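Q: have a look at this prediction, sequence included:
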Amino acid sequence: MLPTVADVLSLDAVRRGNPRVVAGADRLDTRVRWVHVGEISDIAHLLRGGELVLTTGVALPSEPDKLAEYVADLAAVGASGLVVELGRRFVKELPGAVVRAAEDHGLPLVTLARETPFVQITESVHARIIDIQLQELRASEQLHEVFTELSVEGASPADVLGQVTRFSGRPALLENLAHQVLACESAGQDTGALLASWESRSRAVATEGRTAYDGTSGWLVTTVGARGQDWGRLILLCDGPPSPRDIVLAERAATTLALGRLLERHQESLERQAHGTIITGILTHAYADPDEAAARARAVGVPLTGRKLISVVLRPIAEGETALDEQVRLGDLAEATASACRDARLPALVGALDQARVGVLLPLPPRTAAEAALAALADRLRAGFPNPFVLAAGSIVESVRDVRRSFLEAEQVADVAVRQPDGRPYYRLPDLRLRGLLHLLRDDARLQTFAERELSPLLAHDAQRNGDLTRILGIYLDSGRNKAVAAQRAHLSRPAFYDRLRRLERILDTDLDDVESCLSLHVALLALESFRREAR
């Protein structure tokens with residue numbers, strides 16, 4: 001950043017001249033682009049603006065109006081100030097016309113009471129300017145390297161804003177065209193205060209050009225987009241006019257964000273990423289205060305305060321897809337879910353939880369029935385998303401602090417329901433009955449011991465002979481012990497099926513006509529299924 005007139009006055013080369021500010025004391029923060037020594041009165045047309053003019057005044061006119069015109073011309077071309085050495089033309093003080101003109105035009109005017117070699121002043125100031133320019137060049141190179149690497153790595157908006165905050169020390173936000181915050185880095189400030197009434201505050205800041213500073217709000221705003229398709233604004237919250245480095249930083253970050261959007265292929269939209277980040281932050285307790293999570297959600301148009309909160313987990317039903325196909329399908333499901341929520345007029349946070357599940361945090365007004373909202377969401381989603389999936393919901397909670405518990409329940413319900421979906425619009429824990437209970441207890445060593453005790457002889461037999469008697473037992477029990485139906489489902493003749501049942505009785509040393517024995521075996525098979533699917 002260029003030095004100010006005040007910075008120049010603090011230099012030893014200037015202080016030796018005993019400088020005194022006689023006009024424009026409130027303009028000493030004016031930046032000095034260069035120092036120019038000139039004794040002629042018509043020097044203004046030789047300047048480009050930003051110069052600090054040094055003179056002894058020997059060639060200046062005597063007439064007060066001519067002196068005033070000289071000062072006015074300097075101010076008109078944007079000179080940063082005028083320094084006059086006393087003793088040659090003006091002995092003890094400057095004429096009143098010069099001082100009044102400088103005050104009227106806001107031009108800093110300084111006198112030097114002692115003879116001062118101007119060359120020492122120019123050398124000192126120019127050395128400082130060049131040093132600053134070199135520092136800015138090095139900083140620009142560093143910015144280029146960092147943001148180029150971010151572009152190549154396909155960094156998320158949060159990563160990009162993190163670097164903006166690191167370089168500037170200021171809060172940075174990315175919003176979409178609807179003035180909803182997609183990413184926020186608070187730079188240590190209170191996030192809730194930053195995001196309070198965000199949409200209305202943002203709409204009040206209208207800037208011209210792709211990058212502009214709004215002095216009223218203190219916002220440095222840069223448009224984000226490419227190929228004529230703008231989709232957001234990057235905002236740097238400043239406590240004063242931004243430096244050229246801040247402007248370069250904001251524009252470089254905006255370019256990186258725009259490039260990242262262009263390079264997106266089969267990935268979540270920025271809105272889904274923003275929603276997913278908030279959900280993940282809630283589940284991992286990344287926010288120090290639940291109010292921060294509520295503020296971030298409110299900034300993307302989803303109010304959580306004063307609402308009933310219900311967590312929803314969706315899982316696509318796999319159909320032999322590749323990993324890439326599964327990711328594309330998951331992204332499509334997330335976008336379709338967000339669209340269904342909008343159609344049902346249910347503001348919600350929607351984002352991927354991991355590689356297999358989409359999470360939804362649904363805030364409902366106090367008088368809205370959860371069942372009706374879930375049914376409306378399921379109906380609209382199935383109408384707009386052709387592929388099979390299950391929708392599972394957790395318990396209703398009243399606070400953001402309890403959302404994690406609701407999500408864990410919804411995840412467990414979804415994990416069970418996706419194994420044997422029965423066409424329900426949505427699933428909740430009471431719907432899963434015994435399978436749900438066994439899934440919740442799948443890590444309990446007592447359940448594992450029970451299943452092993454009941455089935456180990458049969459599992460060992462099948463493993464040694466590459467048999468399928470475990471499958472036959474499952475078919476028999478799932479058929480309600482109806483041998484004719486079970487034989488048909490197993491695609492075996494009745495005599496062949498009966499023969500397998502007798503072999504099962506010998507291996508397990510049990511009576512398959514005994515209800516309690518069959519119940520015990522059925523529970524063990526369901527538990528075994530839970531263990532195996534969890535291990536995949």
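A: In hand now; what should we look at? Numbers count the residues shown, from 1 in each chain.

Q: what lies in contact with stretch 453-473?
A: 490, 497, 500-501, 503-504, 507-509, 520-521, 523-525, 528 (CB atoms under 8 Å, 6 or more residues apart in numbering). Just so you know, the C-beta spots here come from the backbone N, C-alpha and C atoms, and that holds for glycine as well.

Q: the same query, at a cut-off of 10 Å, please.
A: Outside stretch 453-473, the residues that touch it by CB atoms under 10 Å, 6 or more residues apart in numbering are 451-452, 474-475, 486-487, 489-490, 492, 497, 500-501, 503-504, 506-510, 512, 517-518, 520-525, 527-528.

Q: and it, what's buried?
A: 454-455, 458-459, 461-462, 469-470, 472-473 (16 or more other CB atoms under 10 Å).

Q: repeat that for stretch 121-131.
A: Within stretch 121-131, the residues scored as buried using 16+ other CB under 10 Å are 121-122, 124-125, 128-129.

Q: in CSV, list those along with pLDDT, secondary structure and distance to P64.
A: As requested, those are exported to CSV (pLDDT from 0 to 100; DSSP: H, G, I helix; E, B strand; the rest coil; distance: CB to CB, whole Å):
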residue, pLDDT, secondary structure, distance to P64
I121, 92, helix, 28
T122, 92, helix, 30
S124, 91, helix, 33
V125, 91, helix, 31
R128, 87, helix, 36
I129, 87, helix, 35
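
Q: so which of these is the closest to V71?
A: I121 (20.1 Å; CB to CB).

Q: low-confidence stretches in the stretch 251-400 of the chain?
A: 262-268, 319-325 (pLDDT under 70).

Q: now swap in the chain and tell me
A: Judged by pLDDT under 70, the stretches of the chain that qualify are 1, 139, 227-228, 262-268, 319-325, 436, 440, 532-536.

Q: next one: E51 from H105, what distance?
A: To H105, E51 is 15 Å away according to CB to CB, to the nearest Å.

Q: so the two - more neighbours on which side?
A: Taking neighbours as other CB atoms under 10 Å, E51 and H105 compare with E51 leading, 23 against 19.

Q: give me every residue that touches the more buried one.
A: Counting by CB under 10 Å, 6+ apart, E51 touches 32-38, 43, 74, 77-82.

Q: could you count how many residues lie near G96?
A: G96 has 11 neighbours, counted by other CB under 10 Å.

Q: V224 too?
A: 26.

Q: from what I can see it touches R233, true?
A: Yes - V224 lies in contact with R233 (CB atoms under 10 Å); the separation is 6.2 Å.

Q: give me the common contacts of the two.
A: 174-177, 210, 254.

Q: helix or strand: which one has A487?
A: Secondary structure from DSSP states H and E places A487 in helix 483-489.

Q: mind checking the SS state of the spatially most central residue of the chain?
A: In the chain, the centroid-proximal residue (CA atoms, centre = their mean) is A183; its distance is 2.9 Å. Classification of A183 using DSSP: H, G, I helix; E, B strand; the rest coil returns strand.

Q: so what's it bridging to?
A: In this entry, A183 is beta-bridged to L174, by DSSP bridges.

Q: from F407, how far off is it?
A: A183 is 22 Å from F407, by CB to CB.

Q: quick revisit: and the two most separated of the buried residues of stretch 453-473?
A: Top of the distance list for these (CB to CB): E454 and I472, 15.7 Å.

Q: now, of the contacts of stretch 453-473, which are buried?
A: Buried subset of the contacts of stretch 453-473 (neighbour count, 16+ other CB under 10 Å): 451, 474-475, 486-487, 490, 492, 497, 500-501, 504, 507-508, 510, 512, 518, 521-525, 527-528.

Q: quick check, nearest of the buried residues of stretch 453-473 to R481?
A: Of the buried residues of stretch 453-473, the one sitting nearest to R481 (CB to CB) turns out to be L473, at 10.8 Å.

Q: for the closest one, phi and psi?
A: Phi and psi for L473, reported as degrees, to the nearest 10, are phi -60, psi -40.

Q: any idea how far E39 is from it?
A: Distance, L473 to E39, using CB to CB: 109 Å.

Q: what's the answer for Q273, then?
A: 63 Å.

Q: neighbour-wise, which of the two wins?
A: Legend: neighbour count by other CB under 10 Å for Q273 and E39, higher for Q273 (19 against 14).

Q: now the more buried one. Nearest residue, chain neighbours left out?
A: Residue nearest to Q273 in three dimensions, not counting chain neighbours: S156, with 6.3 Å by CB to CB, 6 or more residues apart in numbering.

Q: ok, now S202?
A: Going by CB to CB, 6+ apart, S202 has H179 as its nearest residue, at 4.2 Å.

Q: and that neighbour, that's in a helix?
A: No - counting by three-state DSSP, H179 falls outside a helix, being coil.

Q: that one contacts R203, correct?
A: Yes - using CB under 10 Å, H179 is in contact with R203, at 5.6 Å.

Q: domain parsing for this structure?
A: Per automatic domain parsing, the structural domains of the chain span 5-125, 154-263, 302-432, 445-535.

Q: as a markdown table, those with distance to Q133 would be great.
A: Shown next, in a markdown table, are those (distance: least, CB to CB, whole Å):
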| stretch | distance to Q133 |
| --- | --- |
| domain 5-125 | 11 |
| domain 154-263 | 10 |
| domain 302-432 | 45 |
| domain 445-535 | 62 |
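
Q: which stretch among the ones you listed comes nearest V146?
A: When the domains of the chain are compared for distance to V146 using CB to CB, the nearest one is domain 154-263, at 5.8 Å.

Q: give me the distance from the closest one to the chain's centre.
A: In terms of CA atoms, centre = their mean, to the nearest Å, the centre of domain 154-263 is found 11 Å from the chain centre.

Q: narrow the contacts of E51 to those that are buried.
A: 32-38, 43, 74, 79-82.

Q: what is the nearest of the residues you listed to L330?
A: For the buried ones among the contacts of E51, the nearest to L330 is R33 (55.2 Å; CB to CB).

Q: got the phi and psi for that closest one?
A: Torsion angles, degrees, to the nearest 10, at R33: phi -80, psi -30.

Q: do I have it right that it meets G81?
A: No - checked against CB under 10 Å, the pair R33 and G81 is beyond contact range at 11.4 Å.

Q: count of neighbours near F407?
A: Neighbours of F407 (other CB under 10 Å): 25.

Q: tell me which element it falls in.
A: Using DSSP H and E, F407 falls within helix 403-417.

Q: and that helix, what's buried?
A: 403-404, 406-407, 409-417.

Q: okay, those residues in TSV with distance to L2 next?
A: What follows is those, written out as TSV (distance: CB to CB, whole Å):
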residue	distance to L2
V403	51
R404	52
S406	56
F407	53
E409	60
A410	58
E411	57
Q412	62
V413	63
A414	60
D415	62
V416	66
A417	65
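
Q: gap between the two ends of stretch 90-108?
A: End-to-end distance for stretch 90-108, by CA to CA, to the nearest Å: 18 Å.
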